[in-house]
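Participant: Predicted model and sequence follow; I will ask about them next.
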Amino acid sequence: MIERKLAEKFRRLYTENSIRLNDYDDQLFTLQDPFDWVQLLSERSYVMREIFAENEELMAELWENCSEEITPEEAELLYDLAIGFFYDGHHDFAVLTNFCERILPVFKEMEEPEFLVAIYHVLGYEYASFYSPLGDKKGMDIALDYFRESISLSDKYTKISTPEVREFIFEDYFNLISYLGNLYYKSDEKIIESIDLFEKMRTLWESEEAQNLDKDNQVIMRWLARTDDAFLAKTMHIEVMTPDEREKYSSLVKDMAARAYAEGGDEEGTPNYRICLTYRRIMREISNEEVLESLIKCINELIPLPDYNGDEHEALSLLMRHFKYACTAVMILRRMNLSGDKLDEWTDRFLPRSMEIMTNVPYHFLSGTMQPIFAEWYHSAEPVLRGELNKVRFLMYMIVRRQPFTYIHSQMVAKISTIIGKEMLDKSPGEFVGVRGIESEEDVKKNRAYLLSFINISGLVHDVGKCYIPDVVNRQNRSLNNTEFATIRKHPEIGYREAMGNVALKPYADVMIGHHKHYDGLHGYPLGYDNTKSPVRIIIDIISIADSVEAGTDTLSRSYTRGKDFSKLMKELEAEAGTRYNPRIVEVMKNSPELIEELTNLTGQGRYDVCYNAMQEILGNRKEDYNDMLKEYN
């Protein structure tokens, strides 16, 4: 049986380990001296392995002492442990869902609404945080059902004594409306549900019970405002609504606009002004062009820039205002179906400023909160951005750089693959015939620079799918459970899905899905993909080897293993040539002393330089690439 002393020990040590690792990460983002930074990174790698081992022992000890059938006393201890972790910001999917799903039956039997709302909220939040980035509807269905259970207890509102738990109910209304709008916007049933939910949320807030307890609760008011935004975003998909749904939706937006007008909705640049503007557009009181003119004026002239050195809440508020105004402008442009010069005339007037504002957000500014915002901005703005190279750079800025160690890994793979690619182009140009429509060895030689660029970009984007993997899986502070391990193996498919919906990434789709397949096509993952039939098979093989070289020699960022030196890694490549690895590439590498020396240096001491320079880019101290991208707009 779990005793309080053991539960407190688990929480204290697990929390201390999380804080300890976070402290190292914080220091990595503040140290400027390269020598001190390298020393700290080396120390962090040792501490990561130490924390990994200790957390494994803590988890084992806790579950070994847990009764097979949870007692009420154990349930309360685990509840305190789970809620404490949750409030402290330790969103560990496996730990929190394990705790909460074990204690849920006990509290159901006790019929305690306060405990139940909190448990349902934590479960819904953790499932949604884990499965939403993956686009996994089965996982999201579980999350939505937990949110539904939470709000179903709103009729027990007065029996919930803790304000924070009552806030969960409003947050879960927001979660349902937001996720239903994003994932199921083409489903009549889900459209009706989200419209009904919005109406019920407003009814709850305006009820005597809620007003008596929480009329001055600022957290609830923020959730109400965010829910208005989520509900308003459904205008993007208003054409899939039935006439009855559209009529009810418009009526609720009219009520929303009335509230916004009463709270200063006539003042340009305010959150309420955007709501009123959107309503007038829905009702066709003003044209798309008039709305765009107003939005652009607010973006360029009226909304202040965020000050990240001042009040954090105020900075976030201004950043989100810029984000919402820009997303609304992009949404309207996409609905207008403009292209070419006509589209450029509009985007040139606001997109440079909006992109600069979003790109210049400091990495450590509410990084957990901002991650999905950056992803949404990328998916919103990418379709109206011109130039394939700009789209790839935009992806690197908004998505990959926000995962520092994935970004560093991608930089290393790009460098390693380019070194290998140069040698292969010199020694075996025939291997590249057929890649990107190249028909002969002579054409390979003529297109050498293009092919090297293709290899380099393939290395940079090969792990884009990993950026959508939940942070807890990439954190490496404990071993992964079966669900998490299966999830990390989905990243090639997630990357492929992203690439197939993006004209700039589509040429790299086979590399993104195929880089974990073995050369012979018999092993590796995903099982359903045949890399041997790919027209860019040689590029997949180069990236696959570069990926293995980088991971196998990494001494700095992997808690579960110690990196090898390149000579040992080269022997592994030779041992698996013909099965896991392309034998011709391995042969060329083995017979090139210059290449071996270059890769030995890069994967050894050179790794520190790559890590340091990449971190400086993430911190915004190196902006050359971004300025190049903006030249297209200026």
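Facilitator: Happy to help now that I have it.

Participant: Give the residue farthest from the middle of the chain.
Facilitator: Here the chain reaches farthest from its C-alpha mean at Glu442, the gap being 42.6 Å by CA atoms, centre = their mean.

Participant: Buried residues of the helix or strand hosting that residue, list them for me.
Facilitator: Remark: Glu442 resides in helix 441-446, with elements defined by DSSP states H and E. Burial within helix 441-446, assessed by neighbour count using 16 or more other CB atoms under 10 Å, is assigned to Val444. (Each C-beta comes from the backbone N, C-alpha and C, glycine too.)

Participant: go on, stretch 479-487?
Facilitator: Buried residues in stretch 479-487, counted by 16+ other CB under 10 Å: 480-481, 484, 487.

Participant: Mind jotting down where the helices sit in the stretch 451-600 of the chain?
Facilitator: With DSSP state H, counting those that start in this stretch, the ranges of helices along the stretch 451-600 of the chain come out as 471-475, 482-488, 491-500, 509-514, 537-552, 566-575, 583-590, 593-603.

Participant: do the stretch 151-300 of the chain as well
Facilitator: 163-183, 188-206, 208-214, 218-232, 243-262, 271-282, 288-297.

Participant: which of the buried residues of stretch 479-487 sit farthest apart?
Facilitator: Taking CB to CB, the two most distant members of the buried residues of stretch 479-487 are Asn481 and Thr487; they sit 9.7 Å apart.

Participant: Find the centremost residue of this structure, please.
Facilitator: Tyr468 (4.6 Å).

Participant: Can you classify Asp307 as helix, strand or coil?
Facilitator: State at Asp307, reduced to three classes by DSSP: H, G, I helix; E, B strand; the rest coil: coil.

Participant: number of nearby residues for it?
Facilitator: Burial of Asp307, expressed as a neighbour count using other CB atoms under 10 Å, amounts to 11.

Participant: Also the one 5 residues further on?
Facilitator: Other residues near Glu312 number 13, with proximity taken as other CB under 10 Å.

Participant: how far is the helix holding Glu442 from where the chain is centred?
Facilitator: Per CA atoms, centre = their mean, to the nearest Å, the displacement of helix 441-446 from the mean C-alpha position of its chain is 40 Å.

Participant: about what we covered before: I'd like to know which of the helices of the stretch 151-300 of the chain is closest to Met570.
Facilitator: With respect to Met570, and counting by CB to CB, the nearest of these is helix 163-183 at 46.2 Å.

Participant: For that closest one, buried residues please.
Facilitator: Applying a neighbour-count criterion of 16+ other CB under 10 Å, the buried positions in helix 163-183 are 165-183.

Participant: and what of stretch 38-47?
Facilitator: Using 16+ other CB under 10 Å as the test for burial, stretch 38-47 gives 38, 40-41, 44-45, 47.

Participant: Could you list the alpha-carbon positions for that stretch in PDB?
Facilitator: Listed in PDB are the C-alpha atoms of stretch 38-47, where the atom choice follows Å, rounded to 0.1, in the frame of the first residue of the first chain:
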ATOM      1  CA  VAL A  38      30.200  23.800 -24.200                       C
ATOM      2  CA  GLN A  39      31.200  22.900 -20.600                       C
ATOM      3  CA  LEU A  40      27.600  23.300 -19.400                       C
ATOM      4  CA  LEU A  41      26.200  21.200 -22.300                       C
ATOM      5  CA  SER A  42      28.600  18.300 -21.500                       C
ATOM      6  CA  GLU A  43      27.600  18.500 -17.800                       C
ATOM      7  CA  ARG A  44      23.900  18.500 -18.800                       C
ATOM      8  CA  SER A  45      24.400  15.300 -20.800                       C
ATOM      9  CA  TYR A  46      25.800  13.500 -17.700                       C
ATOM     10  CA  VAL A  47      23.000  14.800 -15.500                       C
END
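
Participant: List of residues touching the helix holding Glu442?
Facilitator: With contacts defined as CB atoms under 8 Å, 6 or more residues apart in numbering, helix 441-446 is touched by 425, 429-430, 432-433, 438, 451.

Participant: try it again with 6 Å
Facilitator: When contacts are defined by CB atoms under 6 Å, 6 or more residues apart in numbering, helix 441-446 is touched by residues 429-430, 432, 438.

Participant: Make TSV out of those and add pLDDT, secondary structure and distance to Cys66.
Facilitator: Rendered in TSV, the data for the contacts of helix 441-446 read as follows (pLDDT from 0 to 100; DSSP: H, G, I helix; E, B strand; the rest coil; distance: CB to CB, whole Å):
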residue	pLDDT	secondary structure	distance to Cys66
Pro429	96	helix	62
Gly430	96	helix	62
Phe432	97	helix	58
Ile438	95	coil	61
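
Participant: Give me the distance from stretch 317-330 to the chain's centre.
Facilitator: Per CA atoms, centre = their mean, the displacement of stretch 317-330 from the mean C-alpha position of its chain is 19 Å.

Participant: for stretch 45-57, that is, sorry about that
Facilitator: Stretch 45-57 has its C-alpha centroid displaced from the chain centroid by 25 Å (CA atoms, centre = their mean).

Participant: Same question for stretch 484-498.
Facilitator: Between the centre of stretch 484-498 and the centre of its chain there are 13 Å (CA atoms, centre = their mean).

Participant: Buried ones in it, by neighbour count?
Facilitator: Buried positions in stretch 484-498, judged by neighbour count with 16+ other CB under 10 Å: 484, 487, 490-498.

Participant: Going by distance to Ala381, which of those residues wins?
Facilitator: Using CB to CB as the measure, the one of those that approaches Ala381 most closely is Glu498, at 14.9 Å.

Participant: burial count for the closest residue to that closest one other than its chain neighbours?
Facilitator: Nearest in space to Glu498, with sequence neighbours left out and distances taken as CB to CB, 6 or more residues apart in numbering, is Val464 at 5.7 Å. Val464 is flanked by 27 other residues according to other CB under 10 Å.

Participant: same check, this time on Arg202
Facilitator: The burial count assigned to Arg202 is 19, neighbours taken as other CB under 10 Å.

Participant: ditto for Lys564
Facilitator: Other residues near Lys564 come to 16 when the count uses other CB under 10 Å.

Participant: if we can go back for a sec, please determine how far the residue nearest to Glu498 is located from Arg226.
Facilitator: The span separating Val464 from Arg226 equals 28 Å under the rule CB to CB, to the nearest Å.

Participant: Likewise for Tyr46?
Facilitator: 42 Å.

Participant: One more: Lys297?
Facilitator: With distances defined as CB to CB, the gap from Lys297 to Arg226 amounts to 25 Å.

Participant: just Thr278 next, same as before
Facilitator: From Thr278 to Arg226 the distance is 15 Å (CB to CB).

Participant: before we move on, what about Gly606?
Facilitator: Distance, Gly606 to Arg226, using CB to CB: 46 Å.

Participant: Next: Tyr581.
Facilitator: 49 Å.

Participant: How about Met59?
Facilitator: When distance is defined by CB to CB, Met59 is 35 Å away from Arg226.

Participant: With Phe170 instead?
Facilitator: From Phe170 over to Arg226 the distance is 9 Å, taken as CB to CB.

Participant: ok, now Asn55?
Facilitator: With the distance defined as CB to CB, Asn55 ends up 34 Å from Arg226.

Participant: coming back round to it: now, which of the buried residues of stretch 38-47 sits nearest Gly340?
Facilitator: With CB to CB as the yardstick, the closest approach to Gly340 among the buried residues of stretch 38-47 comes from Leu41, at 47.2 Å.

Participant: Which strands and helices lie in contact with the helix or strand hosting that closest one?
Facilitator: Assigned by DSSP H and E, Leu41 belongs to helix 34-64. In terms of contacts (3 or more CB pairs under 6 Å, 6 or more residues apart in numbering; DSSP states H and E), helix 34-64 is packed against helix 4-28, helix 605-618.
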